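>>> This is a predicted model, with the sequence first.
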Amino acid sequence: MKALFKVNYTYKSYASGSYDGSKINRTTEMFLKCDENKKPVYIPINRLSGFERASIEILNTEYIRPMHEIEVYDYDIERNELPAFLAVGEEEDEDGGREVTETFKVYKFDKAPEHVKEKIRDYFHFDTDFGQFMLDERIETLKKLAEELNLELDYSLSVVPDRGEFIKMDLKNDAYDEEEELKEVERRIQEFLNDEADCPLTGVCYDEDIRDSIRKNGGDFEALKDALDEYIGDIHKEYENMCEDEYLSDYCDANGMEFTEQGKPY
């Protein structure tokens with residue numbers, strides 16, 4: 001067992017760098033390993049004051065109380081609370097290590113205080129690729145649509161508005177007659193619009209989004225271009241919705257996520 005002891009000791013003093021032979025009394029409190037009679041088994045003098053360990057003399061010890069788990073809190077440079085931990089051992093092992101058990105508060109998103117929620121929002125927005133799975137599925141719809149219409153796809157996309165974003169589906173110029181190639185593309189567009197299957201490209205709802213947009217804009221090649229421009233805006237709107245508290249709460253609950261006071265997943 002371990003207990004808190006008062007330790008009285010002396011060490012030799014130095015005056016202006018020269019040893020003058022006098023002794024100085026000191027008292028400190030230390031956690032020490034003890035026996036069943038509440039007597040210290042060992043006193044690590046390297047943890048006591050003194051210029052030379054050999055000059056330290058233990059006078060007596062006084063038992064105070066058994067060792068309790070001690071909560072220790074600290075703060076980072078920005079005064080954010082760091083996780084608390086419980087010290088479960090004071091004695092260093094052979095390699096100089098000491099075992100500790102960490103304990104800290106964790107929160108579900110919807111139960112977290114506002115300052116923690118703000119850190120969780122920042123975690124999703126800045127520290128993860130949150131939204132990338134949505135973007136990947138939307139891009140897969142574009143790839144399948146370009147393949148279905150026999151068009152050349154090019155794009156640059158982000159979940160947040162960014163300069164230079166675009167989606168292009170151009171004629172491949174495979175045919176000798178460009179007009180005939182355009183007619184073939186528009187025939188394929190009509191086939192896609194009239195397909196009675198739900199989500200016929202990838203099986204994901206974005207197939208229907210692009211199909212509805214093409215239909216709304218006129219159902220031809222020019223309508224496709226307008227629909228692709230709208231598709232970029234739809235990506236940004238969906239990501240904005242994903243960052244709303246209602247979505248984050250549902251997402252975290254569905255994935256069993258809890259967070260520390262620093263907004264990091266536990």
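On my side now, so go ahead.

>>> how close does residue 65 sit to residue 40?
Look at residue 65 and residue 40: by Cβ to Cβ, to the nearest Å, they are 14 Å apart. For every residue, glycine as well, the C-beta is placed using N, CA and C.

>>> brain fart, residue 97
22 Å.

>>> and residue 60, what does it touch?
Counting by Cβ atoms under 8 Å, 6 or more residues apart in numbering, residue 60 touches residue 8.

>>> Now the phi/psi pair for it, please.
Per-residue torsions, residue 60: phi -170, psi 170 (degrees, to the nearest 10).

>>> Pull the contacting residues for the closest residue to residue 35 other than its chain neighbours.
Spatial nearest neighbour of residue 35, excluding adjacent residues (Cβ to Cβ, 6 or more residues apart in numbering): residue 41 at 5.9 Å. The contact partners of residue 41, taken as Cβ under 8 Å, 6+ apart, are 32, 33, 34, 35.

>>> quick check, nearest of the residues you listed to residue 155?
Taking Cβ to Cβ as the measure, residue 155 lies nearest residue 33 of these, at 66.8 Å.

>>> Give the rounded mean pLDDT of the host helix or strand of that closest one.
For residue 33, the host element (DSSP states H and E) is strand 18-33. For strand 18-33, mean pLDDT is 72.

>>> same question, stretch 115-124
The average of the pLDDT scores along stretch 115-124 is 93.

>>> CA-only coordinates of that stretch in CSV, if you can.
Output of stretch 115-124 as CSV, limited to C-alpha atoms (Å, rounded to 0.1, in the frame of the first residue of the first chain):
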residue,chain,number,x,y,z
HIS,A,115,-18.2,25.5,-25.6
VAL,A,116,-17.7,21.8,-26.2
LYS,A,117,-20.1,21.7,-29.1
GLU,A,118,-18.2,24.4,-30.8
LYS,A,119,-15.0,22.4,-30.6
ILE,A,120,-16.8,19.3,-31.9
ARG,A,121,-18.1,21.3,-34.9
ASP,A,122,-14.5,22.5,-35.5
TYR,A,123,-13.3,19.0,-35.3
PHE,A,124,-15.6,17.8,-38.1
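
>>> what about residue 38, distance to residue 7?
To residue 7, residue 38 is 14 Å away according to Cβ to Cβ.

>>> The two - which one has more neighbours?
Between residue 38 and residue 7, counted using other Cβ atoms under 10 Å, the more crowded position is residue 7 (20 against 15).

>>> Just grab the bridge partners of the more buried one for me.
Note on residue 7: beta-bridge partners residue 28, residue 61, judged by DSSP bridges.

>>> any idea how far it is from residue 32?
Distance, residue 7 to residue 32, by Cβ to Cβ: 8 Å.

>>> hang on, the earlier thing: ok, and the most crowded of the contacts of residue 41?
Result: residue 32 is most packed of the contacts of residue 41 (other Cβ under 10 Å), 22 neighbours.

>>> Spatially, what comes nearest to that residue if we skip its sequence neighbours?
The nearest residue in space to residue 32 (Cβ to Cβ, 6+ apart) is residue 40, at 4.4 Å.

>>> List the residues that contact residue 220.
Per Cβ under 8 Å, 6+ apart, neighbours of residue 220: 186, 189.

>>> That should have said residue 192, apologies.
145, 148, 149, 200, 211, 214 are the contacts of residue 192 under Cβ under 8 Å, 6+ apart.

>>> just how off-centre is the one helix or strand it maps to within its chain?
Using DSSP H and E, residue 192 falls within helix 178-194. Computed by Cα atoms, centre = their mean, to the nearest Å, the chain-centroid distance of helix 178-194 equals 47 Å.

>>> Could you identify the helix or strand that succeeds that helix?
Downstream of helix 178-194 (by DSSP H and E), the next one is helix 206-216.

>>> Residues touching that next one, excluding its own?
Contacts of helix 206-216 (Cβ under 8 Å, 6+ apart): 137-138, 141-142, 144-145, 189, 192-193, 198-201, 223-224, 226-228, 230-231, 234.

>>> next structured bit after that helix?
helix 221-242.

>>> Against residue 106, how distant is residue 258?
For residue 258, the distance to residue 106 (Cβ to Cβ) stands at 4 Å.

>>> All good on my end, thank you.
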